[in-house]
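[1] Can you look at this prediction? I've put the sequence above it.
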Amino acid sequence: MPTGTPPIEKRSPKDTRKIIARLSKFVFRWKKQCIILIVTILLTIACQLIVPILVQKAINCLIYRTDSTFVQDLTKVITSLVMVFILNSIIEYIKNISAMKLSENLSLTMRRDLFERVIHAPLSYLDTHSYGDTMSRLTNDSQRVSTVAQVLEEFMSKTIVIIGCGIIMLLESWKLAMISIVTAVITTIISGIISGKMREYFMRQTMALGSMNGHIEESMKNFRTMEMAGIGSFTSETMAKKSQEYTDVCIKSSMFSGIINPIMLILGNLSFMVTVVVGGHYAIDKVIMIGTLQAVIMYSKQFMDSVYSFGNVMIQTQSFLASAERVFEIIDIDIEDAGTASRLISGKEKEAQANVPESGVVYKNVSFSYDGMKNVVENIEARLDGGTTTALVGATGAGKTTLTSLLLKFYDNYEGDIFIDGKNLRDYSLENTRNLVTVVLQDSKLVDGTIEDNILYGSQNASGEKTSEDVKALIEKMGVSQLINNLPDGLDTVTSDDDETISEGMRQIIGLARAVIREPRILIMDEALSAVDPETEQQVRSSIFSIIEDATILVIAHRLSATENLDNIIVMKDGQIVEEGNFQKLMDKKGEYYRLYNSQLEGKEI
């Protein structure tokens, strides 16, 4: 994994508008909350703009009124002020609740959509992206994007307050208003220049965090391997570099964001001071009334506070826009081919399909390349009849796992045709394919829960979800009930993928049980019992063959002694099938399989 972050592409205003437009579609999924939020924002702003007018009336009433009714008028003004304050507090509460609901709903949808996209992402994406970086996008970036509701609220509030206060000040005293307006324009230009630069640093910050998280995840996941290999120091140095890179970019982004606030504070205070001095001079000369001066000062304060807050809104906007870019990169992933409801089939393909059996798997002239240049498998012709057991053997890199990956629709850009139960694989939906085909790998993963939970994991099928009784019956049939019962709490033993007390062999048995309980039509065992002793392996394998005797079973094995009793053996070399037949036939032939088999007897690697 590289220690640095990739260069940042410059984004045009058009790109920014596109991101904002896409975010708007997410936000306006909740029209009710949006409407409530907009209405409450307008009402709170109305309350804020009314207060200076009422204060103006109260002051002018006290200073300039001498008639006997001024007390009644003053009482009405003060009562109105109290009512406005109470009403504003209630509306403010409703607004905050609405903004919180909108933000949390947005976060919920964002996480759900991202996770849905990731679990259906093609392996070509997952193979080329760090797990930790993807996790950072699912958690940190999605959470930061969800703040768009608060940013939208602030943006609308401050914009309307700035416009409203500006208009009222111009009506009250255009000369005093111009002081605040000129200051606001200068402040906006400065903050716009700085925030444009900050976008780059916020993007670098999110990417550096993703890179660092990826290294942490990789290190923790492979801790034992690192210790045994003696590369702990190298890993620590790499972590120090990534951590330093993240720290440096955080400091730089903080420096830029920290510049805006002091500048705005200075300009705001200067503007307020000039407004007070000039306004006081006008009041002394009786150009304006004292109440009017007080109102203008209050509006000026609201005006400059909003301009000041607008700078913070720009900072937050650049932050969530940088995260939004990374989030939308995942949302824009082309998901795995889900199959087609109807597809035009050529006459040649119809003829080929007519000769395909109604059960089992057939490869017809299949070729595939990962990079589009060199074929990993080429011109594969193979037939796995339903209810039979077939071994796929060959040296490392021969193409065995590639054939199973194609069968699982991990990659769909292959040449030729693959048929399952008489139907072209391209016409199956992704869900149907995964329900038909179950694969058990050498490295069996466990989920948090009991052993029983792990066996039942994903066990829903056409006949409904399996129960505890089904699990007990299955492990009895597999002949592993005693092994599992020897665990501290038997099937109720709590475990996880990080639990080192569960041996590799037991993990593989649990993984096989998890696959078999699903009653798959096609079961692929890719070195699924390599960590189990030969006697137990033979017992488990035989029991599985009898439990799902109607299924098509494909066994990928390096331990060739495990292939002796299978119905058929396919031998691969350099991406092609070089031999096929049962054990005795291939041994009599004394070809590639015979060579591999005898190499194992002599203790050589194949």
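    Alright, I've got the coordinates.
[2] all strands for the stretch 1-150 of the chain, in order.
    With strands called from DSSP state E, counting those that start in this stretch, the stretch 1-150 of the chain shows none.
[3] what residue is smack in the middle of the chain?
    Central residue of the chain (CA atoms, centre = their mean): residue 138, 3.3 Å from the mean position.
[4] Now do the closest residue to it other than its chain neighbours against residue 447, distance only.
    Nearest residue to residue 138, sequence neighbours excluded (CB to CB, 6 or more residues apart in numbering): residue 114, at 5.3 Å. From N, CA and C alone the C-beta is placed, and that goes for glycine too. Separation of residue 114 from residue 447 (CB to CB, to the nearest Å): 20 Å.
[5] higher neighbour count, those two?
    residue 114 (22 against 12; other CB atoms under 10 Å).
[6] which residues touch the more buried one?
    137-138, 142, 327, 330-331 (CB atoms under 8 Å, 6 or more residues apart in numbering).
[7] which SSE is the residue lying closest to residue 45 once chain neighbours are set aside in?
    Counting by CB to CB, 6+ apart, residue 160 is the residue found nearest to residue 45 once chain neighbours are left out, at 5.1 Å. Secondary structure assignment for residue 160, by DSSP states H and E: helix 148-172.
[8] Can you read off the pLDDT for residue 570?
    In this model, residue 570 is scored at 92, pLDDT.
[9] Wait, a strand at it?
    Yes. Assessed with DSSP: H, G, I helix; E, B strand; the rest coil, residue 570 lies in a strand.
[10] Residue 279 and residue 164: what is the separation?
    Distance from residue 279 to residue 164, by CB to CB: 19 Å.
[11] So for these two, which residue has more residues nearby?
    residue 279 (23 against 18).
[12] Name the nearest residue to residue 245, sequence neighbours excluded.
    Per CB to CB, 6+ apart, closest to residue 245 is residue 208, 5.2 Å.
[13] could you give the mean pLDDT of the helix or strand hosting that neighbour?
    Taking DSSP H and E as the definition, residue 208 sits inside helix 174-221. For helix 174-221, the mean per-residue pLDDT is 72.
[14] what pLDDT does residue 45 get?
    At residue 45, pLDDT is 90.
[15] no, scratch that, I was asking about residue 502
    84.
[16] Can you verify it is assigned to a strand?
    No. Secondary structure of residue 502 (three-state DSSP): coil, not part of a strand.
[17] okay, now the nearest residue to residue 50 once chain neighbours are set aside: neighbour count?
    Spatial nearest neighbour of residue 50, excluding adjacent residues (CB to CB, 6+ apart): residue 84 at 5.7 Å. A count of nearby residues for residue 84, using other CB under 10 Å, gives 16.
[18] what sits against residue 84?
    Counted by CB under 8 Å, 6+ apart, residue 84 has contacts 47, 50-51, 54.
[19] Looking at those residues, spot the one nearest residue 568.
    Residue 568 has its nearest neighbour among the contacts of residue 84 in residue 47, at 81.6 Å by CB to CB.
[20] In this structure the residue nearest to residue 45 contacts residue 41, no?
    Yes. Proximity of residue 160 to residue 41 meets the contact threshold set by CB atoms under 8 Å, at 7.3 Å.
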